[in-house]
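S.K.: Okay, predicted coordinates and the sequence, questions at the end:
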Amino acid sequence: MYKSILVSIVFSLFLSSISFAQNVHSIQFNGGIVFPRSSSKGLSAIIQYNYSLNQKVSFYIYTGYSSWDKFNVVYIEELSIVQKQQYFHSYSSDSHILIPLYFGTKINFHTNKVFTSFLDFEIGYSHFSFNSYDNIREVNPTTGEVLSYYVDGSSKKEVNKNLFGLGVGIGFSHPLTKSLNITLSYKINSNFNAGEYGLFSAEGTYSTLFLGFNFSI
């Protein structure tokens, strides 16, 4: 009798472990709009692997591809009798491409019949490439008034950087089937390195609005 009870318990635990394991691993595909600070908006896509520790906490790793165009700059001149215009808009770089490799933790903090709310915390590395330009200051030779700033196309330089980064996000997921969820999330990331980009600097900070699909495997 005791043996049969023990076998039943072991068998039940085995079945429950299989059932739980089916929901432990998932693959997620996200696509959306990236909003770099002081830059034109662009597009982003990532593929992400998720491992659920329990119903509240999961870990993930992802990589992807983000691209956007110009990093905008503003040159300021002091107003005077000669100088009539103070602000001049231009750009100093374009063709930005960001390829991240990030590790993170997702925490589910609220669940109801319709959706689950979650927070993301992540850290990682990114390869960042773009074209850099100098700007030419155009001055009226007669009056000395600054007329404009414009990009010097001949000064184009291809730049590659390796950056570390931190990120935080918030989102919602809604189950479509037992193995498929749809997610909507908003994330802020900041990249930095030893001497050029500081944490939350304009050149290294961006936010992303993602729509994604999460498949259990």
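M.R.: Thanks, I have the structure now.
S.K.: May I ask you to name the longest strand in the chain?
M.R.: Using DSSP state E to define each element, the chain has its longest strand at strand 146-175.
S.K.: helices or strands up against that one?
M.R.: Helices and strands touching strand 146-175, by 3 or more CB pairs under 8 Å, 6 or more residues apart in numbering; DSSP states H and E, are strand 87-111, strand 116-139, strand 180-192. Placement of C-beta: from N, CA and C, glycine included.
S.K.: for that strand, what is the average pLDDT?
M.R.: When pLDDT is averaged over strand 146-175, the result is 96.
S.K.: Can you give me the distance of Tyr49 to Val168?
M.R.: 20 Å (CB to CB, to the nearest Å).
S.K.: same deal with Asn162?
M.R.: The gap separating Asn162 from Val168 is 22 Å, by CB to CB.
S.K.: Any idea how many residues pack against Leu98?
M.R.: By other CB atoms under 10 Å, 24 other residues sit near Leu98.
S.K.: do Val82 as well
M.R.: Other residues within reach of Val82, judged by other CB under 10 Å, total 10.
S.K.: Could you report the pLDDT at it?
M.R.: pLDDT, Val82: 95.
S.K.: Distance check, it against Gly144.
M.R.: 6 Å.
S.K.: mind listing what Lys41 touches?
M.R.: Counting by CB atoms under 8 Å, 6 or more residues apart in numbering, Lys41 touches 33-35, 68.
S.K.: Please, a PyMOL command that selects the buried ones among the residues you listed?
M.R.: A single PyMOL command selects the buried members of the contacts of Lys41 (16 or more other CB atoms under 10 Å):
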select buried, resi 34+35+68
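S.K.: Make TSV from the contacts of Lys41 and add secondary structure, distance to Lys56 and pLDDT to it.
M.R.: Formatted as TSV, the contacts of Lys41 follow (DSSP: H, G, I helix; E, B strand; the rest coil; distance: CB to CB, whole Å; pLDDT from 0 to 100):
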residue	secondary structure	distance to Lys56	pLDDT
Ile33	strand	29	98
Val34	strand	29	97
Phe35	strand	30	96
Trp68	strand	35	97
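S.K.: Just the pLDDT for Phe121.
M.R.: Phe121 is given a pLDDT of 98.
S.K.: Identify the bridge partners of the residue lying closest to it once chain neighbours are set aside.
M.R.: Closest residue to Phe121 apart from its sequence neighbours, by CB to CB, 6 or more residues apart in numbering: Thr105 at 5.2 Å. Counting by DSSP bridges, Thr105 is bridged to Phe59, Phe121.
S.K.: Isn't Thr105 up against Phe118?
M.R.: No: with contact defined as CB atoms under 8 Å, Thr105 does not reach Phe118; the gap is 10.1 Å.
S.K.: Between these two, point out the one with more neighbours.
M.R.: Each of Thr105 and Phe118 has its neighbours counted (other CB under 10 Å); Phe118 has more, 21 against 14.
S.K.: how about low-confidence regions in this protein?
M.R.: Applying pLDDT under 70 to the chain flags the ranges 1-22, 194-195.
S.K.: From Asn108, how far out is Thr183?
M.R.: Distance from Thr183 to Asn108, by CB to CB: 12 Å.
S.K.: Those two: which is more packed in?
M.R.: Taking other CB under 10 Å, Thr183 and Asn108 do not tie; Thr183 has more neighbours (20 against 16).
S.K.: Look up which residues are beta-bridged to the more buried one.
M.R.: Beta-bridge partners of Thr183, counted by DSSP bridges, are Ser173, Gly212.
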